[in-house]
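A.B. asks: fold the following, please.
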Amino acid sequence: MLKSFTCILFFISLFFTGCAYKTTTNEIARFDSVLQENSCDFSLVDKKLKNGDDIILWSIQGGALARNCKDFAKSTEMFDEAELHYKLDVDMKNPMLEISDKAKSILINNNANPYEGGVHEKILVNTYKALNFLALNDKANARVEINRALERQRIAKEYFANDIAYLEKKNAANLKELKNTQDLYNTLVTLKAERDAKKSGVKTDVQTLNFNENSIDVAFNRYTQNSASAAYADFINPFTTYLSALFLLNDRSYQRAVDLFKEGLQMDPKNMQIAKDFALADKMAGEFNANFKEHFVWLLYENGLGAVRGEFIIDLPLFLVSDSLIYSGIALPTLEPRSLSYPFLSIKNNSGDNFRTYVIADIDAIIGAEFNKRYLGLAAEAIISAAAKTIIQKQLDDVYPVLGFLGFIYQITTTKADTRSWSALPKRFEAASIPIKDGNIIIVDENGVILHEEFLQNDKNVIIYLKSSQKGQIITHKIYL
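C.D. replies: Down below sits the predicted model:
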């Protein structure tokens with residue numbers, strides 16, 4: 001009786017732990033609505049940060065929202081908060097906490113752990129901070145953030161080279177651990193049956209766990225069919241590289257700009273915009289006492305909504321146990337693409353110059369590249385979690401059917417994938433440029449409909465930064481260089 005009561009308390013506590021995890025899908029949907037309505041309602045972000053819930057996630061979401069509202073100082077403050085927690089909670093994480101997080105991932109699901117984000121997010125945080133400082137005409141701090149973003153990209157290359165090798169070993173160990181778990185359980189139930197047979201003189205059939213490897217193949221193949229493009233295998237964000245080159249060009253660091261534009265062309269040799277900027281930088285680098293003879297406007301365009309995490313649940317017997325097994329399943333994260341806004345924009349002046357935007361960075365591909373490298377680890381963890389919960393469910397059912405039912409409720413409730421992601425990111429970054437000349441600049445959509453008109457000083461280079469998450473939604477601001 002005491003054993004049963006203890007088990008009930010155990011499951012009730014775990015049930016509520018699993019249900020009360022930090023960030024729900026509904027909260028992210030609420031935030032997305034605020035963002036897409038051009039609202040500056042920070043109530044949800046403030047509430048989450050005040051409660052200490054997923055500080056990294058809600059800091060970067062809040063930073064993006066503040067940029068929408070052109071509150072660049074507040075945006076930087078929120079990105080600073082995210083950076084601090086990246087450092088303290090991720091980069092310098094206590095090994096004991098890692099063990100605790102692993103246990104929670106297996107016994108509940110990864111949603112029970114604080115959001116840690118991805119490497120691509122860290123790079124974009126510094127990129128956005130650089131843009132914030134440029135919007136505030138603080139070029140010194142913009143330079144600092146540009147350098148940090150480039151350094152993060154360099155580290156990312158090394159990190160993933162090591163991390164991939166580590167994950168491959170870890171995945172092999174995880175699958176071996178799963179098989180060992182099954183073998184250990186089968187050994188114990190066999191010994192128990194033999195002991196009971198000696199006491200009662202009656203031999204009973206032993207119900208063992210049978211590892212179904214085909215179920216794992218289904219899980220991995222399902223992801224492979226739906227994964228985003230892994231075009232950026234080296235985890236470099238071409239937009240960060242491009243923005244850095246553009247800043248350095250206007251900061252008169254011409255040779256460094258040439259090198260970075262060249263790096264961009266190596267990633268995308270047919271990109272006409274990068275080629276045009278490379279030619280300009282190369283010309284400036286080759287001129288003695290170089291200076292801009294004419295001034296340019298660059299249109300930087302955040303287009304659409306980037307891919308977010310979804311969930312795919314395999315409701316099939318991962319283990320074939322007995323008729324008393326009520327439920328077994330595994331929950332796997334997937335990537336769900338979202339829509340573009342305008343397929344491209346064009347920028348014109350009154351002198352007849354007219355150039356369309358070219359894709360500088362496909363954010364879906366960047367997110368997909370990192371997700372793809374981590375997926376084996378995520379899937380192995382989900383499979384081990386299913387194994388552990390199924391074994392617990394079977395053991396409880398053996399003790400008492402009511403406990404087995406509690407195990408069923410617990411397992412079906414906690415079989416959830418981690419679907420948290422930085423939902424404010426665009427689907428892609430694009431760019432175009434033209435000479436300013438008489439100062440009048442017009443931005444039109446693919447059908448020639450005017451979306452924005454601006455009169456610019458013609459004695460300075462300038463960026464028009466335009467964000468459009470969906471058609472009809474336009475947010476712009478100017479950055480004089």
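
A.B. asks: sec struct for Ile313, please.
C.D. replies: strand (DSSP: H, G, I helix; E, B strand; the rest coil).

A.B. asks: and what of Leu300?
C.D. replies: strand.

A.B. asks: just list whatever residues bridge to it.
C.D. replies: For Leu300, the beta-bridge partners are Ala431, Tyr465 (DSSP bridges).

A.B. asks: tell me how far it lies from Phe429.
C.D. replies: 7 Å (CB to CB, to the nearest Å). C-beta: built from backbone N, CA, C; applies to glycine.

A.B. asks: and what of Glu81?
C.D. replies: 24 Å.

A.B. asks: what about the helices in this structure?
C.D. replies: 2-19, 25-36, 43-50, 55-68, 72-85, 95-107, 119-135, 139-200, 213-226, 238-250, 254-267, 272-286, 363-399, 401-414 (DSSP state H).

A.B. asks: and the fourth one, how far out from the chain's middle?
C.D. replies: Mean C-alpha position of helix 55-68 versus that of the full chain (CA atoms, centre = their mean, to the nearest Å) differs by 13 Å.

A.B. asks: what of the third one?
C.D. replies: Averaging C-alpha coordinates over helix 43-50 and over its chain gives two centres that are 20 Å apart (CA atoms, centre = their mean).

A.B. asks: go on, the last one?
C.D. replies: Counting by CA atoms, centre = their mean, helix 401-414 is centred 32 Å from the centre of its parent chain.

A.B. asks: could you pull up the mean pLDDT of it?
C.D. replies: Mean pLDDT, helix 401-414: 76.

A.B. asks: helices or strands up against it?
C.D. replies: Other helices and strands packing on helix 401-414, by 3 or more CB pairs under 8 Å, 6 or more residues apart in numbering; DSSP states H and E, are helix 2-19, helix 363-399.

A.B. asks: comparing those helices by mean pLDDT, which bottoms out?
C.D. replies: Going by mean pLDDT, the lowest-scoring of the helices and strands packed on helix 401-414 is helix 2-19, which has a mean of 47.

A.B. asks: so Glu263 sits right up against Thr241, yeah?
C.D. replies: Yes - with contacts counted by CB atoms under 8 Å, Glu263 reaches Thr241, the gap being 5.6 Å.

A.B. asks: so for these two, which sits in the more crowded spot?
C.D. replies: Counted by other CB atoms under 10 Å, Glu263 and Thr241 do not tie: Thr241 has more neighbours, with 23 against 18.

A.B. asks: from Gln153, how far out is the more buried one?
C.D. replies: 7 Å.

A.B. asks: ok, now Ile236?
C.D. replies: Distance from Ile236 to Gln153, by CB to CB: 5 Å.

A.B. asks: for Phe292, see how far away Lys437 is.
C.D. replies: 13 Å.

A.B. asks: so those two - more neighbours on which side?
C.D. replies: Lys437 (18 against 15).

A.B. asks: once you drop chain neighbours, what's closest to that one?
C.D. replies: Among residues not flanking Lys437 along the chain, Ser351 sits closest, at 4.7 Å (CB to CB, 6 or more residues apart in numbering).

A.B. asks: ok, how many other residues are close to that neighbour?
C.D. replies: For Ser351, using other CB under 10 Å, the count is 12.

A.B. asks: correct me, but it touches Ile436?
C.D. replies: No - assessed by CB under 8 Å, Ser351 is found out of contact with Ile436, at 9.5 Å.
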